[in-house]
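Trainee: Here you go, sequence then predicted model.
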Amino acid sequence: MNPLISLFLGTLYVYNEIQKTKEPPVYYTERIVGGFNGITIPPFGIFIKESERENQMLLDHEIVHWNQYQREGLFNFLKNYYAEHRENGYDNNSYEIEARLLSGEKIQCLKNYTNCIKSGTALTAHNSNFRHLQ
Ligand SMILES: [Zn+2]
């Protein structure tokens with residue numbers, strides 16, 4: 001293997017081993033691709049839209065994803081999350097439903113989340129532009 005690739009993968013491995021034992025770093029950013037309000041990218045951290053800085057429920061939702069990553073490990077979490085996404089889509093992805101449930105979202109928004117966020121029915125956030133790249 002190319003030594004630079006080996007160095008990169010080795011560094012990522014060590015970084016992941018450290019990160020998965022820690023609380024997630026949280027970064028605030030002007031916008032997030034796809035119209036999301038927040039996103040968890042293991043092993044790097046949680047990214048939240050600047051306008052949602054005071055939104056504790058959104059942060060709680062993303063922390064559930066961080067805990068899922070810690071529970072399953074980087075590779076298994078990514079593999080299982082995307083398998084769920086392919087099979088059930090975003091709204092019915094069991095990882096997303098767990099995050100909605102544990103962050104205190106309304107029962108009627110657990111599986112109808114996109115519509116709830118767009119219409120302002122959800123407790124987590126209101127964003128009429130939510131998931132515009134789906
Ligand atoms: Zn989520």
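Mentor: Nice, I can see it. These numbers come from a predicted model, not from an experiment. Numbering: from 1, shown residues only.

Trainee: okay, CA-based contacts and neighbour counts for the rest of this
Mentor: Will do.

Trainee: Surely residue 84 is in contact with residue 97?
Mentor: No. Using Cα atoms under 8 Å as the test, residue 84 is too far from residue 97 to be in contact (11.1 Å).

Trainee: the more surrounded of those two?
Mentor: Remark: of residue 84 and residue 97, residue 97 carries more neighbours, 21 against 17, as counted by other Cα atoms under 10 Å.

Trainee: backbone phi and psi for the residue nearest to that one when sequence neighbours are not counted, please?
Mentor: Setting aside the residues directly before and after it, residue 97 is nearest to residue 110 in space (Cα to Cα, 6 or more residues apart in numbering), at 5.6 Å. Torsion angles at residue 110 (phi, psi; degrees, to the nearest 10) stand at phi -60, psi -40.

Trainee: ok, now residue 32?
Mentor: When read as degrees, to the nearest 10, the backbone of residue 32 gives phi -120, psi 140.

Trainee: Same check on the one 4 residues further on?
Mentor: Main-chain torsions, residue 36, degrees, to the nearest 10: phi -80, psi 160.

Trainee: Show me where this structure has its strands.
Mentor: Here the chain has its strands, by DSSP state E, at 26-29, 38-41, 45-49.

Trainee: ok, now which ones touch residue 62?
Mentor: 38, 39, 40, 46, 99 (Cα atoms under 8 Å, 6 or more residues apart in numbering).

Trainee: right, I mislabeled it, should have said residue 81
Mentor: 93, 95.

Trainee: what do you get if the cut-off is 10 Å, keeping everything else the same?
Mentor: If you count contacts by Cα atoms under 10 Å, 6 or more residues apart in numbering, residue 81 has them with 65, 68, 69, 75, 87, 90, 93, 94, 95, 96.

Trainee: Please apply the same query to residue 109.
Mentor: Shown in contact with residue 109 (Cα under 10 Å, 6+ apart): 91, 97, 100, 101, 115, 116, 117, 121, 122, 123, 124.
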